[in-house]
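>>> Whatever this is, show me its structure:
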Amino acid sequence: MKKIAVVLSGCGVFDGSEIHEATLTLLNISRNGASYQCASIDSDQFKVVDHVKKAETGQKRNMLVESARIARGQIVGLDKIAPKDYDALIFPGGHGAALNLCSFGVEGAGMKVNPEVEKLILDFHKAKKPIGAICIAPVICAKVLSGSRVNVTIGNDAQTASVITGWGSQHTNCRAEEICFDTKNLVVTTPAYMTATSIAEVDAGIEKLVKKILSL
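Residues are numbered from 1 along each chain as shown. Modelled structure (predicted):
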């Protein structure tokens, strides 16, 4: 049975992992006969947002602790994930991917990637293990793997696509139900809520992403 590492960045679209995207990733992995292990970083989120008021609360919350809500408590620190133990790596989206795993949400083109996340992507890439990224998370792969001119999609947002190509990576416009597959780098991406208008559209894209990754 193939085993997939799924990297979460908190719990909630505005400050962590997008819960629909994360849950649909886990569901499609299981539905297609594979298993998963959720992982996150044991440190504070960039911010905490009241998802009713859509306003910052000023609280502090730990990314690993919050991600455990989605993982039903079955979660490990990112430092416990290594390519030798897994067949692939997947990053769901949400603002946490752009704020907690990297600083794209604040610094844009000048963003930095969390060192643990960067090392993990480079290790899986070097081991020729597939990497999946959903919604805004593909910007992380585009930055880390820019030297390999990785091809990703974040949907059709021209400004973000311009940043990606400015790093030396490539961008392909896609609808929510579609995937972008970089055959050379074994990177699979889908726009999800970057373009989706329904959870059904998100599911269609994530299903294709998971199936492609499991076929590699």
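
>>> From the contact counts, what lies against the longest helix along the chain?
Longest helix of the chain, by residue count under DSSP state H: helix 199-215. Packing partners of helix 199-215 (3 or more C-beta pairs under 8 Å, 6 or more residues apart in numbering; DSSP states H and E): helix 19-31, strand 88-91, strand 131-134, strand 187-190. Glycine gets a C-beta too; all of them are placed from N, C-alpha and C.

>>> Please read off the pLDDT at the residue most central in space within the chain from the model.
Closest to where the C-alpha atoms of the chain average out (C-alpha atoms, centre = their mean) is F91, at 2.3 Å. We have a pLDDT of 99 for F91.

>>> give the contact list for the nearest residue to it once chain neighbours are set aside.
Excluding its sequence neighbours, the residue lying closest to F91 (C-beta to C-beta, 6 or more residues apart in numbering) is A137, at 3.9 Å. For A137, the contact set (C-beta atoms under 8 Å, 6 or more residues apart in numbering) comprises 91-93, 97, 101, 189.

>>> which of those has the most neighbours?
Neighbour counts for these (other C-beta atoms under 10 Å) peak at T189, which has 33 neighbours.

>>> show me what contacts that residue?
Contacts for T189 (C-beta under 8 Å, 6+ apart) come out as 132-134, 137-138, 141, 152-154, 174, 179-180, 209.

>>> what is it paired to in the beta sheet?
Beta-bridge partners recorded for T189 (DSSP bridges): A133, C180.

>>> and if you look at G77?
Beta-bridge pairing of G77 under DSSP bridges involves S40.

>>> all helices of this protein, in order?
Secondary structure of the chain (DSSP H): helices located at 19-31, 63-70, 95-99, 104-107, 115-126, 138-144, 158-166, 199-215.
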